[in-house]
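Student: Attaching a predicted model along with its sequence, questions to come.
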Amino acid sequence: MDAPSGRQFEIASGAQRATVVEVGGGIREYDVDGRPVLDPYPRDAMVDGAHGAPLVPWPNRLDGGRYRFDGVEHQVPINEPSTNTAIHGLLRWRAWQPLEHAADRVVMGVRLHPMSGYPFTLDVRVEYRLGDTGLVVTTTTTNAGPDACPYGHGQHPYLSPGSGLVDACVLELDAATRVVVDAERMLPVGREAVAGTKYDFRGGARIDDAVIDAAYTDLTRDADGRTWALLTGPDGATVAFWVDSNYPFVQLFTGDTLAPGRQRRGLACEPTTCPPNAFATGEHLIRLSPGGSHTASWGVGLR
């Protein structure tokens, strides 16, 4: 019988192995020499906590599922009743298709047809490629409809601490600012500089029992325009994660709301093009003209 996540598309390169899935088009597992780089979910289980999923056409939460675009009000379904929000877009439970599949590479694709609340057409392609530096994931989305449309994108990988929990890990992320959210609905209420707070990971800090679910921005970038997050586990291995300049935000989530036994088993390190509630606020919202495309890449490997 099919796995709950549908068909499994395996890729490999040397000691690296990854599995990409049909349902949601996400990555279910990625390891090097048997050591998890991304925290996996079982083949015989439904994806939990959006593990590895592309988040299209918006990441994170949208207040009341409502937004206004070009003078027209839209309402998308609420899928997180506890916060009265629409979370992580419209494609997490769709069947994606393998457009290309080679030994070390797979490209997953899907067309988002017009629907109530989002009457636009998007063609989405996500390439997963293994190489000398690890896994590289590139998402290209094209407006295939006749009208301009609002767009945002993210993905939801969980960096693995190896065995044990993220509590024993040291995290380094050179980001100066945190998006502050309200505790009840997890929607933005402001921003704060991380300097002097428990959310400052710029020089590297142990996670311990910190509960984190926040977007970080004002990212320091290297000569290639990349921002890095480094998660060093108790086994001494470091998961090195990067985002390119098309991702101005990185959302961190310690997984505290997952089911017992799954909590804090990985650190979600989510590249996003916009902060939470961007469809409503317009902040960093991408306007895709007819035929227009947007491409962004992130990657991860083991040191």
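Tutor: Great, that's in hand. Predicted model, so just to flag it, every value in this text is computed and none were measured.
Student: Residue 175 against residue 216, yeah?
Tutor: Yes: contact criterion Cβ atoms under 8 Å: residue 175 and residue 216 qualify, at 3.7 Å. (Glycine included, C-beta is placed from N, CA and C.)
Student: Overlap of the contact sets of those two?
Tutor: 194, 250 (Cβ atoms under 8 Å, 6 or more residues apart in numbering).
Student: Who has more neighbours out of those two?
Tutor: Counted by other Cβ atoms under 10 Å, residue 175 and residue 216 do not tie: residue 216 has more neighbours, with 27 against 22.
Student: What distance do you get for the residue of the chain most remote from its centre to residue 117?
Tutor: Within the chain, the residue lying farthest from the chain centre (Cα atoms, centre = their mean) is residue 71, at 29.4 Å. Distance, residue 71 to residue 117, by Cβ to Cβ, to the nearest Å: 16 Å.
Student: go on, residue 272?
Tutor: Using Cβ to Cβ, residue 272 is found at 21 Å from residue 117.
Student: of these two, who's got more company?
Tutor: Neighbours per residue (other Cβ under 10 Å) separate residue 272 from residue 117, with residue 272 holding more: 27 against 15.
Student: From what I see, that one and residue 56 are in contact.
Tutor: No: using Cβ under 8 Å, residue 272 is not in contact with residue 56, being 11.2 Å away.
Student: Mind listing the shared neighbours of those two?
Tutor: Common neighbours of residue 272 and residue 56 (Cβ under 8 Å, 6+ apart) are 152, 153.
Student: now the helices: where do they sit in the stretch 201-303 of the chain?
Tutor: 278-281 (DSSP state H, counting those that start in this stretch).
Student: Can you show me the strands along it?
Tutor: Secondary structure of the stretch 201-303 of the chain (DSSP state E, counting those that start in this stretch): strands at 205-206, 213-219, 227-232, 238-243, 249-253, 267-272, 286-288, 293-302.
Student: Which residues belonging to the last one are considered buried?
Tutor: Of all the residues in strand 293-302, those buried under the rule 16 or more other Cβ atoms under 10 Å are 294, 296, 297, 298, 299, 300, 301, 302.
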